[in-house]
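Peer 1: Any chance you can model this:
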Amino acid sequence: MNQEIFSDQIDLLVLDLDGTVFGTSRLLLEEIEKIRNLVDSGVRVIISSGRTLHYVLGIARCLGIDDVVICEEGTVTYDCRTHELTLLGEQTDLILLKNNLSSWLPFCIIPKEAHHDKNVIIALDREPRINVDDFLNEVSDVLSKKNLDLNITRSDEMINLMPPNISKGFALEKILKSEKINPNSVVAIGDSLNDLSVFDVVRYPIAVSNSHDLVKEKSVYTSDKTNGDCVCEVIDSIISNNMKY
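Peer 2: This next block holds a predicted model:
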């Protein structure tokens, strides 16, 4: 990094996975080594991902991270140290929808490629497919008629339904408060829109070069490096910065 961006000792690094820790290529050996060196230096590392718990735990083991992980878009946290799993958000309306999906949303299917835990997030596709925004409005109308309080997010082809007011940032904020971690000592690296809620919580949000434009706008620093190369760059800067304290 060609500029000093930290004015505090860094105690925690929050890492998104897809598009951040790795892209379409393999996980970098150098990145694994640097993450492990960072942990050995006393800086905690938390994974924050939209992926499932089992997927995230597999990556955490590979990276040598034994800490809290955030997954399923913030609806699930798991402490690898104590094996405590926490579900965030009210699940009642989600379960009600799942039990009545075929009658209330007969044009919807749960796609095979959707790997979310269906107890916390329901991913929906439509047959036949239509414009995703129109699809979202269709489902919103049904939720309104059934008085279901659920949050809807969208991807390129499908939508996700989850408890309201839950995000990766919401989960992180609860972790910081419960473990008395100062947000001014936290760095987060991300690339996607679901990382914006995390960026709102920490003092030092950093965007990889392949980030969405809104993510870059919210960051205190945008790297000219992609994925793991950016993570390596930031870790070097954190270790160098912390040597001053």
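Peer 1: Please name the nearest non-neighbouring residue to the residue nearest the centre of the chain.
Peer 2: For the chain, the residue nearest the mean C-alpha position is S49 (3.0 Å; CA atoms, centre = their mean). Closest residue to S49 apart from its sequence neighbours, by CB to CB, 6 or more residues apart in numbering: L17 at 4.4 Å. (C-beta placed from N, C-alpha, C; glycine too.)
Peer 1: how near is the one you found to G228?
Peer 2: To G228, L17 is 11 Å away according to CB to CB, to the nearest Å.
Peer 1: go on, M243?
Peer 2: For M243, the distance to G228 equals 23 Å [CB to CB].
Peer 1: Tell me which of those two has more neighbours.
Peer 2: G228 (23 against 9; other CB atoms under 10 Å).
Peer 1: Could you give the average pLDDT over stretch 69-84?
Peer 2: The average pLDDT within stretch 69-84 is 94.
Peer 1: Would you map the helices across the chain?
Peer 2: Using DSSP state H, the helices of the chain run over 29-40, 53-63, 92-99, 101-104, 132-145, 168-178, 196-199, 213-218, 227-242.
Peer 1: how about those, which one is nearest I70?
Peer 2: Ranking these by proximity to I70 (CB to CB) places helix 168-178 first, at 4.6 Å.
Peer 1: other SSEs contacting the closest one?
Peer 2: Applying 3 or more CB pairs under 8 Å, 6 or more residues apart in numbering; DSSP states H and E, we find helix 168-178 packed against strand 44-48, strand 68-71, strand 76-79, helix 196-199.
Peer 1: which strands and helices sit next to the third one?
Peer 2: If I follow you right, that is strand 76-79. Checking 3+ CB pairs under 8 Å, 6+ apart, strand 76-79 ends up next to helix 53-63, strand 68-71, strand 84-87, helix 168-178.
Peer 1: Pull the distance from it to the chain's centre.
Peer 2: Averaging C-alpha positions (CA atoms, centre = their mean, to the nearest Å) puts strand 76-79 12 Å from its chain's average.
Peer 1: In the sheet, which strands lie alongside that strand, parallel or antiparallel?
Peer 2: In the sheet, strand 76-79 lines up against strand 68-71 (antiparallel), strand 84-87 (antiparallel) (DSSP bridges).
Peer 1: most packed of those?
Peer 2: strand 68-71 (a mean of 26; mean count of other CB atoms under 10 Å).
Peer 1: who's in contact with the residue of the chain most remote from its centre?
Peer 2: Within the chain, S103 marks the point farthest from the mean C-alpha position, 32.0 Å out by CA atoms, centre = their mean. If a contact means CB atoms under 8 Å, 6 or more residues apart in numbering, then S103 has no contacts.
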